[in-house]
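Trainee: Test case, fold it:
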Amino acid sequence: HEWRRLDRDLARQVGATARGQHPLAVVLSCIDSRTPAELVFDMGLGDIFSVRVAGNVLSPKVLGSMEYGTAVAGARLVVVMGHTRCGAVTAAVDLVGTKSAAAATGCQHLDPILADIQRAVDRTECERAADLPQERKAAFVDDVARRNVLYVVRRIVSESDTMRRLVDEGRIAVVGVLYDVGTGKMDFMLDEAVGPATGAETKRGAA
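Mentor: Numbering: from 1, shown residues only. All right, here's what the predicted structure looks like:
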């Protein structure tokens with residue numbers, strides 16, 4: 001079937017959401033200019049809580065935003081969206097083992113972001129990636145981006161009692177997705193989603 005975007009009236013949406021909001025999901029995504037969550041998911045004003053940080057990494061502030069969006073505002077789905085050709089992931093791979101990303105990039109506060117991404121992958125793998133041909137290294141970086149998404153999905157319920165409780169009560173689900181900036185396609189990682197039944201990772205097709 002041909003995929004078409006919905007026609008939206010921005011002024012009408014402003015009026016419709018002026019008195020309140022009822023977003024259906026919380027989306028954690030990267031700051032990459034090619035991945036605005038509202039556009040790639042074809043959403044309008046008031047449809048999602050959008051949390052953006054380089055490398056779509058987790059932090060207490062991000063968790064707090066998710067907790068509010070679900071426990072207080074009633075969103076039923078949490079999506080962690082990574083993407084291909086991610087600059088933060090590429091930097092995490094290239095700079096693994098270095099003393100300071102700040103020294104290499106001039107970015108004073110980048111180290112904690114890269115360190116979080118590096119925890120999702122084996123250091124030796126990253127070091128070997130430096131010798132790979134460009135195409136294979138790009139594929140490796142995209143695989144690290146995928147692993148980083150799954151790492152964040154797991155951490156959401158392991159580090160937040162609030163999110164764990166909402167999952168156990170069947171009120172929310174947490175899922176990862178990798179967005180391809182070259183094709184616009186999304187790869188939903190449903191096999192590794194955190195489902196509402198048990199709070200554990202569930203397999204596709206499971207009850």
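Trainee: Please give the element, helix or strand, for residue 115.
Mentor: If you go by DSSP states H and E, residue 115 is part of helix 111-118.
Trainee: Could you export that helix as PDB, CA atoms only?
Mentor: C-alpha atoms of helix 111-118 as PDB (Å, rounded to 0.1, in the frame of the first residue of the first chain):
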ATOM      1  CA  ASP A 111      31.900  12.400  28.000                       C
ATOM      2  CA  PRO A 112      28.900  11.100  30.000                       C
ATOM      3  CA  ILE A 113      26.800  10.700  26.800                       C
ATOM      4  CA  LEU A 114      29.500   8.700  25.000                       C
ATOM      5  CA  ALA A 115      30.300   6.700  28.100                       C
ATOM      6  CA  ASP A 116      26.600   5.600  28.300                       C
ATOM      7  CA  ILE A 117      26.600   4.500  24.700                       C
ATOM      8  CA  GLN A 118      29.900   2.600  25.200                       C
END
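Trainee: Report the distance from that helix to the chain centre.
Mentor: Centroid separation between helix 111-118 and its chain, computed with C-alpha atoms, centre = their mean, to the nearest Å, is 15 Å.
Trainee: tell me the average confidence for it?
Mentor: The pLDDT scores in helix 111-118 average 95.
Trainee: So for the next helix or strand after that helix, what gets flagged as buried?
Mentor: Next along the chain after helix 111-118, taking DSSP H and E as the criterion, comes helix 123-129. Residues of helix 123-129 classed as buried by neighbour count (16 or more other C-beta atoms under 10 Å): 126, 129. Backbone N, C-alpha and C define where each C-beta goes, glycine included.
Trainee: In contact with residue 132: list those residues for me.
Mentor: Residues in contact with residue 132 (C-beta atoms under 8 Å, 6 or more residues apart in numbering) are residue 140.
Trainee: wait, is it part of a strand?
Mentor: No: applying DSSP: H, G, I helix; E, B strand; the rest coil, one finds residue 132 to be coil, outside a strand.
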